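*Asks:* Model the structure of this input:
(2 chains)
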Amino acid sequence: MNCFEIKDLHLYYGAFHALKNVSLDIAAKNITAFIGPSGCGKSTFLKTLNRMNDLVEGCVIKGSVQLDGEDIYGGIDLSRLRRRVGMVFQKPNPFPMSVYDNIAFGPRTHGVRKRYELDAIVEGALKDAAIWDEVKDRLKSPALGLSGGQQQRLCIARALAVAPEVLLLDEPTSALDPISTGKIEELLLALRDKYSIIIVTHNMQQAARISDTTVFFLLGEIIEYGETETLFARPANKRTEAYITGRFG
Amino acid sequence: MKRKRKSSEIILAALTWTAAAATIGILLYLVVFILIKGIPYLTPSLFSFTYTSDNVSLTPALVSTVVITALSLVIAVPLGIFAAIYLCEYARRGNRAVALIRMTCETLAGIPSIIFGLFGLLFFVGALGWGFSVLSGACTLAVMILPLVMRTAEEAILAVPDIWREGAFGLGAGRLRTVFRIVLPAAAPGILAGIILAVGRIVGETAALLYTAGTVAQIPTTPMQSARTLSVHMYALSSEGLHSDQGYATAVVLLVVVILINALSAGIARRCGAKK
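*Replies:* The predicted model follows:
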């Protein structure tokens, strides 16, 4: 089962050809890691999957991206797409409101109004993100008062609260300390059975530790992809080998 | 070499000290002067409910100030905030219209208030036939403070980090919901500080009002009546020359009002800073 099927994708930022002829199938209920040096297009590619690149002016996309067989660049409802494909950003970005309101923001956007329903969603999402025990006594206090690692797990909970099928994570641990990073990795492994997870990471050990499939990007192209263990143990391409052994990047 | 540097340091230190002392000194002199001249004439009759040419009461002017300020804000604040939202959130970058609006706005902010008064006289008082009235005055002041409200709102909105907008979009929220639930609440303290600055300008304004709201010293019962604000009241008392002492007393009241407004503004700015 694939969640995403991408064919012949090209992306331009004005005159800059940022993604070149990308074709890829992404498996559902799996962790897929995108690795590659800075500026290789991995984050750009991640953002085409929930159309966050729409916000960038001068961005032109050609090719097809299908989510469960539906072209997301066709006549799809953007709000529904982003509900199905949630996103967690590089820097923890809780809204300047209470923990509860942060989690409830998504469901409220999609029309959930009843208090008891919201209560249940908030509790469920916080439990799924393994942060319930830390915040259950301060649901009403500002989310910005939490530590960086807690904020990032809160953002994961916020994304989970709208019951997405896919979770996109754009270098979610690059701003965090090793202990918080460890907690997020554990969390992602626990979520793997319920969600399709796609993570961009700079950290090759992280990709090796948690992902099932790894995709290596270089200069806007996919150089190699496959099962994580195989890719790290026996890379087929010289450039992949050079990158994962730390010879550039 | 060393000695030369030392003497230049002393000169520079002396200059900065002189500048600081002069600034504080002038302000202190001004405040003390007004207080000494005004406080003895803060009599109960100056605060009686109706104005007569004997008591030259400032109460009607105080009421008119509140009314004209409120009316100006009701007109200018929504316009300014919505224009700022358009410029920051909806307009595409590099849009010609945006550049034009910004330039217009900056030009408006630099125009002396008497010009706004003249415009109000020709347009609201004359062309629209509203006469010297609270409405003409409030509309003129609204035009005058619009650039200030818009620029401060724009700055406050631009200061809201993009990661919050991305977060909201990422959850499927549309632009409207993002603006009203995330951006505006976060920008509210900055917008409010701008509004309070605008109130300060209105309270201190005379030139633009003389031509538009007139100088009738009674409490207006409809927006079509003429009225005078505290500043205009003070100007009238001083220029007529018969009640200069009461003019100083009015200045004391005006000073207190302005200080209160500034304190409020500083308080909000502090709260805003503490939150971040």
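*Asks:* tell me the contacts of the most centrally placed residue in chain A?
*Replies:* The centre of chain A sits closest to residue A:168, judged by CA atoms, centre = their mean, with a distance of 1.6 Å. For residue A:168, the contacting residues are A:46, A:47, A:49, A:50, A:85, A:86, A:87, A:88, A:198, A:199, by CB atoms under 8 Å, 6 or more residues apart in numbering or on different chains. Yep, even glycine has a C-beta here, placed from its N, CA and C like the rest.
*Asks:* What helix or strand is the last one located in?
*Replies:* So the one you mean is residue A:199. In this assignment (DSSP states H and E), residue A:199 forms part of strand A:196-200.
*Asks:* who does that strand touch, helix- and strand-wise?
*Replies:* With contacts defined as 3 or more CB pairs under 8 Å, 6 or more residues apart in numbering or on different chains; DSSP states H and E, strand A:196-200 has these neighbours: strand A:2-13, strand A:16-27, strand A:31-35, helix A:42-48, strand A:166-170, helix A:178-191, helix A:204-210.
*Asks:* which parts of the fourth one are buried?
*Replies:* In terms of neighbour count (16 or more other CB atoms under 10 Å in any protein chain shown), helix A:42-48 has its buried residues at A:42, A:43, A:44, A:45, A:46, A:47, A:48.
*Asks:* nearest to chain B, of the residues you listed?
*Replies:* Checking the buried residues of helix A:42-48 against chain B by CB to the nearest CB gives residue A:47 as the nearest, at 9.6 Å.
*Asks:* Check what pLDDT the closest residue to residue A:201 other than its chain neighbours gets.
*Replies:* Closest residue to residue A:201 in three dimensions, ignoring its sequence neighbours and counting by CB to CB, 6 or more residues apart in numbering or on different chains: residue A:207, at 5.3 Å. Among the per-residue scores, residue A:207 holds a pLDDT of 92.
*Asks:* Ok, residue B:93 next?
*Replies:* For residue B:93, the model assigns a pLDDT of 71.
*Asks:* How about the secondary structure of it?
*Replies:* Three-state assignment for residue B:93 (DSSP: H, G, I helix; E, B strand; the rest coil): coil.
*Asks:* Contacts only, for it.
*Replies:* In this structure, residue B:93 makes contact with residue A:57, judged by CB under 8 Å, 6+ apart.
*Asks:* where in the chain is pLDDT low?
*Replies:* Unless you meant another one, I'm taking chain A. Counting by pLDDT under 70, chain A contains low-confidence ranges at A:249.
*Asks:* Switch to chain B, please.
*Replies:* B:1-5, B:272-276.
*Asks:* Tell me how many other residues surround the spatially closest residue to residue A:212 that is not a sequence neighbour.
*Replies:* The spatial neighbour of residue A:212 that comes closest, neighbours along the chain excluded (CB to CB, 6+ apart), is residue A:30 at 4.6 Å. The tally of other residues near residue A:30 (other CB atoms under 10 Å in any protein chain shown) stands at 18.
*Asks:* cool, the one 3 residues further on as well?
*Replies:* Residue A:33 has 27 neighbours, counted by other CB under 10 Å.
*Asks:* Likewise for residue A:196?
*Replies:* Counted with other CB under 10 Å, the neighbours of residue A:196 add up to 24.
*Asks:* can you list the contacts of residue A:168 in TSV and add distance to residue A:73?
*Replies:* Written out in TSV, the entries for the contacts of residue A:168 read as follows (distance: CB to CB, whole Å):
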residue	distance to residue A:73
A:46	15
A:47	13
A:49	11
A:50	12
A:85	13
A:86	19
A:87	17
A:88	23
A:198	18
A:199	23
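*Asks:* if we can go back for a sec, the residue nearest to residue A:212 and chain B, how far apart?
*Replies:* In this structure, residue A:30 and chain B are separated by 21 Å, where distance is defined by CB to the nearest CB, to the nearest Å.
*Asks:* check contacts around that residue.
*Replies:* Under the criterion of CB under 8 Å, 6+ apart, the contact partners of residue A:30 comprise A:192, A:196, A:197, A:212, A:213.
*Asks:* Then residue A:55?
*Replies:* The neighbourhood of residue A:55, defined by CB under 8 Å, 6+ apart, consists of B:166, B:169.
*Asks:* so residue B:133 touches residue B:223, yeah?
*Replies:* Yes. In this structure, residue B:133 sits in contact with residue B:223. The criterion is CB atoms under 8 Å, and the distance is 6.4 Å.
*Asks:* Count the residues that sit near residue B:96.
*Replies:* When neighbours are defined as other CB under 10 Å, residue B:96 has 8 of them.
*Asks:* Report how many residues lie close to residue 182.
*Replies:* Here I'm looking at chain A. Residues within reach of residue A:182, counting by other CB under 10 Å, total 14.
*Asks:* Chain B is the one I meant
*Replies:* Neighbouring residues of residue B:182 were enumerated by other CB under 10 Å; the total is 21.
*Asks:* is it true that it lies in a strand?
*Replies:* No. Following the definition three-state DSSP, residue B:182 is helix and is not counted among the residues of a strand.
*Asks:* Go through stretch A:125-142 and flag the buried ones.
*Replies:* By neighbour count with 16+ other CB under 10 Å, stretch A:125-142 contains the buried residues A:125, A:126, A:128, A:129, A:130, A:131, A:132, A:134, A:135, A:139, A:142.
*Asks:* From the contact counts, what lies against the longest helix anywhere in chain B?
*Replies:* Residue-count comparison of every helix in chain B, with assignments taken from DSSP state H, identifies helix B:2-38 as the longest. Helix B:2-38 sits against helix B:244-275, with contacts defined as 3+ CB pairs under 8 Å, 6+ apart.
*Asks:* need the contact list for residue B:114.
*Replies:* With contacts defined as CB under 8 Å, 6+ apart, the neighbours of residue B:114 are B:207, B:208, B:211.
*Asks:* which of those tops the neighbour count?
*Replies:* By neighbour count, taken as other CB under 10 Å, the most surrounded of these turns out to be residue B:208 (26 neighbours).
*Asks:* Before I go, just wanted to say thanks for your time.
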